[in-house]
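*Asks:* need a structure here:
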Amino acid sequence: MQNNQEVKLDDLYQEVILDHNRRPRNFGKLSEANRYSHGVNPLCGDDYHLYLYVDEGGIIKKAVFEGSGCAISKSSASMLTEAVSGKSVKDAEALKNNVIHLLTDNTVSEPVRAGTGKLKIFEGVKNFPVRVKCAALIWRALEDALRDREDRKSEITTE
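*Replies:* So this is what the prediction gives:
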């Protein structure tokens with residue numbers, strides 16, 4: 001029989017997370033990006049660049065990332081790019097809010113949980129406080145990249 005800590009680790013490193021870490025989707029640089037953010041977590045070394053191409057109608061046509069970090073941060077970035085591609089900026093913002101809420105709040109409602117879709121697999125991360133910033137880093141970068149600014153190029157640091 002597994003002890004409680006092993007069960008929690010099994011929950012944290014589910015197969016989907018490991019798969020996205022081993023074979024990240026949408027990994028690379030996007031030369032036509034018109035939105036960008038660089039997220040860094042100096043405590044654990046997570047360092048990601050998020051590139052978005054948002055069309056004139058406000059639809060995220062492409063989301064790509066590059067960088068390095070732990071399995072949680074890389075899989076979160078990979079799944080973010082899949083989740084926001086094809087969404088409106090407004091819908092991507094709502095998804096980001098739901099995911100951040102899922103990661104940080106112990107009283108997540110069922111509608112918020114449902115609103116995260118398959119990203120709800122990250123809910124177990126909140127049982128490992130040091131890993132919450134790993135999972136949330138790319139979502140904070142998305143938040144930054146979606147801001148309507150002139151430069152559209154920015155860097156965020158989580159500590």
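*Asks:* okay, now the unreliable bits of this protein?
*Replies:* When the per-residue scores of the chain are filtered using pLDDT under 70, the ranges that remain are 1-13, 148-159.
*Asks:* quick one: the strands in it?
*Replies:* Assignment of strands within the chain using DSSP state E yields the ranges 35-41, 46-54, 60-68, 155-157.
*Asks:* distance from the second one to the middle of the chain?
*Replies:* Strand 46-54 sits 10 Å away from the centroid of its parent chain (Cα atoms, centre = their mean, to the nearest Å).
*Asks:* remind me what it packs against, helices and strands.
*Replies:* Here strand 46-54 is seen to pack against strand 35-41, strand 60-68, helix 71-84, helix 129-146 when contacts are counted using 3 or more Cβ pairs under 8 Å, 6 or more residues apart in numbering; DSSP states H and E. Backbone N, C-alpha and C define where each C-beta goes, glycine included.
*Asks:* nearest to K118, of those?
*Replies:* Proximity of those to K118 was assessed by Cβ to Cβ; the nearest stretch is helix 71-84, lying at 7.4 Å.
*Asks:* buried set for that closest one?
*Replies:* Of the residues in helix 71-84, those with enough neighbours to count as buried (16 or more other Cβ atoms under 10 Å) are 71-81, 83-84.
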